[in-house]
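Asks: predicted model, plus sequence, below.
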Amino acid sequence: MKKIINHISSELKNDLEKYNKYIEKSLESNVNLINKVMKYVIKFKGKQFRPLLCILSARLIGKSNDMTYLSASTVEMLHVATLLHDDVVDKSYIRRGWPTINKIWGNKLSVLIGDYMFSKSLNNISSFNNFEHIKILSDISRRLSEGEILQIEHAKFKNMSEDIYFEMISDKTASLISASCKLGYLSVSNDDKKNNIEKFGEYLGIAYQLKDDLFDVIGKLEDIGKPAMLDLKRNMLTLPYIYVINNLDKKDKILSKIKYYAKKNDYNNLRDIIYSNGGIDYTKQMIDKFSNKAYNQLKEFEDSKYKSLLIDTIEFNMERKF
């Protein structure tokens, strides 16, 4: 599915070049160590999914501009900052197939670099002269923190309902993707359809996290760039597990088995439990459901190349292997 994301990137080549120059300039520092770490971060920037969505949302109704690139870089800095902090909290040492910042430079520097990126995003936020833009970005910061804390609160195999789970991933993941879309749109227009593109991003973001949660159960290191079953190792329940635990008569027995196999690092038997009790199929159904909800939001917009590319982002997520 790299073909899809590569096609989108090639269609936005000039925009991405401008965006990359913008974010690289934004992250420059007088401290050599910061610049060294930033080069490492930028080198392994991944799919650039959020910047692509920000630019596409602007292109949907007009031409991208400096405000588009400012918006894209601000959201991406917030995103990367949370990843740096997450890697420390979760004791993760590999991401996108490469050693994490905390693995190379230690936890302290990883946290400080995350703080640095947060501060740089705040610098960008101060450049927005529009209250709506500022409120969107401040809400992201709040939702990111609340989503993480909500996950911690319900860790250690406590009962988690689907409602709480979807609230959590909406805050942790969908908020950034939704904001990327809405801010991109607002960089060109402030009409009522901004609500449609915001909802598109929210639904796509939920589907995106569901796909990541699926990978955590069935993914391979060489495909997803990190070991599988990490969520379970951290006592974090995701939808495949929640469905199995909450939809069986013998809930306590199944939960005991999951705990037992997790403690023994017996991941083959864990996968078998999730597969045989419908957890994988149900999660795939939910991915389809939210993907369709995202697609329906785009029906409000006239057909164009950029609308087609936004639809491609839905297809990319549904079919991606990484």
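Replies: Perfect, I can see it now.

Asks: helices of the stretch 51-200 of the chain, residue ranges please.
Replies: Ranges of helices in the stretch 51-200 of the chain, per DSSP state H, counting those that start in this stretch, are 66-89, 101-105, 107-125, 131-153, 162-169, 175-186, 194-218.

Asks: including mean pLDDT, distance to residue 261 and mean neighbour count, could those helices go into TSV?
Replies: C-beta here means a position set from N, CA and C on the backbone, and glycine is covered the same way. Listed next are those as TSV, based on pLDDT from 0 to 100; distance: least, CB to CB, whole Å; neighbours: other CB atoms under 10 Å:
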stretch	mean pLDDT	distance to residue 261	mean neighbour count
helix 66-89	94	24	23
helix 101-105	95	27	19
helix 107-125	93	30	18
helix 131-153	91	21	16
helix 162-169	95	21	17
helix 175-186	98	33	28
helix 194-218	96	13	23
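
Asks: adding distance to residue 23, write the ones you listed out as CSV.
Replies: Shown next, in CSV, are the helices of the stretch 51-200 of the chain (distance: least, CB to CB, whole Å):
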stretch, distance to residue 23
helix 66-89, 4
helix 101-105, 17
helix 107-125, 9
helix 131-153, 15
helix 162-169, 26
helix 175-186, 13
helix 194-218, 20
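
Asks: quick one: closest of the ones you listed to residue 16.
Replies: Set against residue 16 and scored by CB to CB, the helices of the stretch 51-200 of the chain come closest in helix 66-89, at 9.4 Å.

Asks: check which helices and strands that closest one sits against.
Replies: Helix 66-89 is packed against helix 13-26, helix 49-59, helix 101-105, helix 107-125, helix 131-153, helix 175-186, with contacts defined by 3 or more CB pairs under 8 Å, 6 or more residues apart in numbering; DSSP states H and E.

Asks: in TSV, list these along with distance to residue 275.
Replies: Below are those laid out as TSV (distance: least, CB to CB, whole Å):
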stretch	distance to residue 275
helix 13-26	39
helix 49-59	28
helix 101-105	32
helix 107-125	35
helix 131-153	24
helix 175-186	28
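
Asks: mind checking which of those helices is nearest residue 68?
Replies: Nearest to residue 68 among these is helix 49-59; the distance by CB to CB comes to 4.4 Å.

Asks: hang on, the earlier thing: quick one: which of the helices and strands packed on helix 66-89 is nearest residue 73?
Replies: Comparing those by CB to CB, helix 13-26 comes nearest, at 4.0 Å.

Asks: tell me which of the helices and strands packed on helix 66-89 lies nearest to residue 254.
Replies: Of all those, helix 131-153 sits nearest to residue 254, with 21.2 Å by CB to CB.

Asks: tell me the pLDDT at the most centrally placed residue in the chain?
Replies: Taking CA atoms, centre = their mean as the criterion, residue 173 is the residue nearest the geometric centre of the chain, at 4.4 Å. Predicted confidence (pLDDT) for residue 173: 95.

Asks: which residue, other than its chain neighbours, is closest to it?
Replies: In space, residue 173 comes closest to residue 209 once its chain neighbours are excluded; the distance is 4.0 Å by CB to CB, 6 or more residues apart in numbering.

Asks: surely the one you found and residue 176 touch.
Replies: No - shown here, residue 209 and residue 176 do not form a contact pair, counting by CB atoms under 8 Å, at 10.4 Å.

Asks: ok, back up a step: what residues are up against the residue nearest to the centre of the chain?
Replies: By CB atoms under 8 Å, 6 or more residues apart in numbering, the residues touching residue 173 are 147, 205, 206, 208, 209, 212.

Asks: got it, and residue 59?
Replies: Counting by CB under 8 Å, 6+ apart, residue 59 makes contact with 12, 15, 306, 309.

Asks: could you redo the last one with a cut-off of 6 Å?
Replies: residue 306 (CB atoms under 6 Å, 6 or more residues apart in numbering).

Asks: that one and residue 14, how far apart?
Replies: Distance, residue 59 to residue 14, using CB to CB, to the nearest Å: 11 Å.

Asks: follow-up on the earlier one: and which of the contacts of residue 173 is nearest residue 54?
Replies: For the contacts of residue 173, the nearest to residue 54 is residue 205 (12.9 Å; CB to CB).

Asks: which residues are in contact with the closest one?
Replies: For residue 205, the contact set (CB under 6 Å, 6+ apart) comprises 173, 174, 177, 178.

Asks: now it: closest residue in space, sequence neighbours ignored.
Replies: residue 174 (2.9 Å).

Asks: number of residues surrounding that neighbour?
Replies: Neighbourhood size, residue 174 [other CB atoms under 10 Å]: 23.

Asks: same question, residue 261
Replies: Using other CB under 10 Å: residue 261 sits among 18 other residues.

Asks: check contacts around it.
Replies: 269, 270.

Asks: redo that, cut-off 8 Å
Replies: So residue 261 contacts 267, 269, 270, 273 (CB under 8 Å, 6+ apart).

Asks: good, we can wrap up now.
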